[in-house]
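> Provided below for reference: sequence and predicted model.
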Amino acid sequence: MNSDAGARDFVALLLVGESGPGAGEWGEPAGLGQVGGISLLERQVRMALKAGAARVLVLAPALTADLGARLSEEPKVERVATADAIAERLAGEGRRLLLLAPGLLIDDRLVAALLGSEQEPVLLAFGDGLQPAGAERLDSATHWGGGAVLPADMVRDVAEGLGDWELSGTLVRAAVAAGAGRLLVEGLSTYAPARRRDAPLIWAIPTGPADRAAATDTLLAAAQKGCLDWPARFIHPRIENWLVRLLLPTPVTPNMVTLLTALLGLAAIWLFAIGKPWWGLGIVLIVGPLDGVDGKLARTRHEYSMWGDLEHVLDKLLEYGWFLALAWW
């Protein structure tokens, strides 16, 4: 399905793994480790909702109290403890199902490509020349990329007869047996329209603190927009990244940063208008890098809102306001 409406008509199934690359040595189930200020599971939930999931089923026998509380605030998200419960929730479900592997950090462009595929079932895959750490082999030529779009009835049937097997791996084997298509990562475009540049597709299964820190660095680098003016290209990114790192583990939201930027910008307008241009210029120099923090924070933490799309309008209003205020003075 290539239409936007068709691509959005789906249910998501996300899992917390009891075993696998994200567990073991570090003593926590795959998916609960934090990257970019939030857990990998919460990132997958936000990604699925942003892509337009009608509902999100989370298979997690146990979650931390704070993570469970945050997920319960979203009406489209339902947590279940067993595969049998998944089968019950999918009874009569006619929509496609998006499956993401536990503990997977995946680019939203890869998810969009999966949902836009005309094949069903279809598995995200890496060709034999590209084998990232943690990717499981599908056959002699491909490795599984941790994402799949499957018929809901296939998922229901597998979940009903799962027994002691792991759900994600069993679903992948069932899809291969059913002749699932392969969506090869290396065949996809790396151009990111919202960032106005080519950006490498993000894919990783972080297995410990060092890997998660490196994954956060990757997210920050990918969040950088293509820049035209030299301050935004050579000066602002270092300041923006430093501020975003400080804000990632805090409850500060991108909208809060946007509001602060707006207040400072309005203060600069007032200072220019009353004849204090140097004070106004000082604030403008602060607003410059701060203006990039909200977008980077949103992209790194995958925390978007309807107001974030209007942020560029605010930028223009402030810029024109500065010039008009100087002219008034």
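Happy to help now that I have it.
> can you give me the strands for the stretch 151-300 of the chain?
For the stretch 151-300 of the chain, applying DSSP state E, counting those that start in this stretch gives strands covering 181-184, 191-192, 197-198, 203-204.
> residue 122 is nearest to which of the ones you listed?
Across the strands of the stretch 151-300 of the chain, residue 122 has its closest neighbour in strand 181-184 (4.4 Å, Cβ to Cβ). The way it works is simple: take the backbone N, C-alpha and C, and place the C-beta from them, glycine included.
> same question for the closest one, mean pLDDT?
The average pLDDT within strand 181-184 is 94.
> number of nearby residues for residue 103?
Residue 103: 29 surrounding residues under other Cβ atoms under 10 Å.
> gap between it and residue 312?
Note on residue 103: its distance to residue 312, by Cβ to Cβ, to the nearest Å, is 34 Å.
> what's the neighbour count on residue 58?
When neighbours are counted by other Cβ under 10 Å, residue 58 registers 24.
> an error on my part: the question was meant for residue 77.
Residue 77 has 20 nearby residues by other Cβ under 10 Å.
> contacts only, for it.
Each residue near residue 77 by Cβ atoms under 8 Å, 6 or more residues apart in numbering is listed here: 45, 49, 55, 56, 58, 71.
> let's see 10 Å
Contacts for residue 77 (Cβ atoms under 10 Å, 6 or more residues apart in numbering) come out as 12, 14, 42, 45, 48-49, 53, 55-58, 70-71.
> would you turn those residues into CSV with distance to residue 305?
Output for the contacts of residue 77, formatted as CSV (distance: Cβ to Cβ, whole Å):
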residue, distance to residue 305
12, 20
14, 21
42, 16
45, 15
48, 16
49, 12
53, 17
55, 20
56, 18
57, 24
58, 22
70, 16
71, 18
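> by neighbour count, which of the residues you listed wins?
The residue in those with the most neighbours, by other Cβ under 10 Å, is residue 14 (29 neighbours).
> give me phi/psi at that one?
Main-chain torsions, residue 14, degrees, to the nearest 10: phi -120, psi 150.
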